[in-house]
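Student: please find the sequence and the predicted model below.
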Amino acid sequence: MTRSVLFLLCIIFLLLFMVYSCKKDSTVAPLNYYEVGLKGNSANWRDSSFIIATDKAPLIEEIEAQLRLPVVQRKIVNGLLVSGNGGYNKNASHSFKWRFKENDWQLADLSIEIYDGRPYSDVDTDINYWLNTVKRFAPWGSYIKKEITP
């Protein structure tokens, strides 16, 4: 075998190894989507729910436990706001201008008052304030309503 053929075989082997390694690392868990309901009556239908997403197994387990509880016992959602609806944060025909950053939200027993609000009437209509000043959203009447399919 000549030196150039041996060198070419080594290069091919290294390329195949790199392709195999990249494929193995690029596996990403699919997101689970949940509808967040809001307790109480709202004057605007767009304030009645919004959608959040995660692929964190411990959070998904906590959500499944929450869904077995009566609504009055469920925790509120508290998350970091980012711009854009991510292709999923909507309520019926209305697409929100924001979403919770995937995997940067949690369930909480309570939250500070500045994070409380309504998804449309407060956050959507004053999006720059919420994204740049408040930065988080934790409506006090929120709860995980159900899992949804995209």
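Tutor: Done, it's in. Numbering: from 1, shown residues only.
Student: give me the helices and strands touching the helix or strand where residue 34 lies, please.
Tutor: Assessed by DSSP states H and E, residue 34 sits inside strand 32-38. Contacts defined by 3 or more Cβ pairs under 8 Å, 6 or more residues apart in numbering; DSSP states H and E place strand 32-38 against strand 49-54, helix 57-67, strand 142-148. The way it works is simple: take the backbone N, C-alpha and C, and place the C-beta from them, glycine included.
Student: average model confidence for the second one?
Tutor: Read it as helix 57-67. The average pLDDT for helix 57-67 rounds to 98.
Student: centre of the chain to it, how far?
Tutor: 14 Å (Cα atoms, centre = their mean, to the nearest Å).
Student: what are the ranges of the helices in this structure?
Tutor: All helices of the chain, identified by DSSP state H, fall at 3-25, 57-67, 127-129.
Student: among those helices, which gets the worst mean confidence?
Tutor: Looking at these, the bottom one is helix 3-25 with a mean of 59.
Student: ok, residue 53 to residue 67 distance?
Tutor: Separation of residue 53 from residue 67 (Cβ to Cβ, to the nearest Å) stands at 16 Å.
Student: just to revisit the earlier point, of the helices and strands packed on strand 32-38, which is nearest residue 81?
Tutor: strand 49-54 (11.2 Å; Cβ to Cβ).
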